[in-house]
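Dropping the sequence and predicted coords here.
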Amino acid sequence: MFWDYVFRFVQGMGVTLELSFCSIVLALLAGILLAVMRICPSSPLRFFSWCYVEAMRATPVLALLIMVVWGLPKLGFMYSEFASSVLALGLYTAAWVSEAIRAGVASVPVGQVEAARSIGMSFGRILHSIVIPQAIRTVIPSLSGIVIVHIKTTSVAAVAGVLEITGTSQIINVESAQWLWFLGAAASYLILTVPTGWMFRAIERKVVFVR
């Protein structure tokens, strides 16, 4: 029975890893788009991005998950619990990714952007050639913290019935009447988050090295 529980924990770690990867990819794509909208010349786009970020930062992730998992089907949008969790977590974390990227962009000297504009460079060219290469160096540490927190935040998907680490530990706790299995859940999150931190530190050292 013990090894059966261990095997189920490993399966839960796999689900957590898959859930984290899919939702982080969505968060990065949406966060980059929001950050670009936030600094673009169009006032409506800047206002929309600001409203979205403020709304997401003020909304508890559990409340957003409940609205997506049980609210969207009422509107005719039917998704699996896993897909709904990916959508909710990705849209939530996108706001924090957007703010991290915007802070990195703000670290680029304004004089460089003004000089690029004076020689006729387009907004997209300025981002690609001047702003992004410099901003990414200051963004990596912030993204590291966001990703690590995001991996742990996936535990709320247990509410939707997704059998990731927390959901698996809850079922095992009911079956075995041993709350100590939650320590196994904590260890499982450590196994996922600690190497993630090492990976980002290695990337950060590489980026600083080539600066």
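Great, that's in hand.

How many neighbouring residues does Gln112 have?
Number of residues near Gln112 (other Cβ atoms under 10 Å) recorded here: 13. Glycine gets a C-beta too; all of them are placed from N, C-alpha and C.

Let me see the contact set for it.
Contact analysis of Gln112 by Cβ atoms under 8 Å, 6 or more residues apart in numbering lists Ile130.

Over to it. Which of the three states is it?
Secondary structure assignment for Gln112 (DSSP: H, G, I helix; E, B strand; the rest coil): helix.

Renumber starting at 397 from here on
New numbering, starting at 397: the last item is Gln508.

End to end on stretch 554-569, go ahead and measure it.
In terms of Cα to Cα, to the nearest Å, the two terminal residues of stretch 554-569 are separated by 14 Å.

what's that stretch in contact with?
401, 404-405, 407-409, 411-412, 415, 458, 461-462, 465, 477-478, 480-481, 550-551, 553, 574-575, 577-578, 580-581, 584-585.

ok, Arg453 touching Trp492?
Yes: the pair Arg453 / Trp492 is scored as a contact, 7.4 Å apart, by Cβ atoms under 8 Å.

For these two, work out which one has more neighbours and name it.
Higher neighbour count among Arg453 and Trp492: Trp492, with 20 against 12, using other Cβ under 10 Å.
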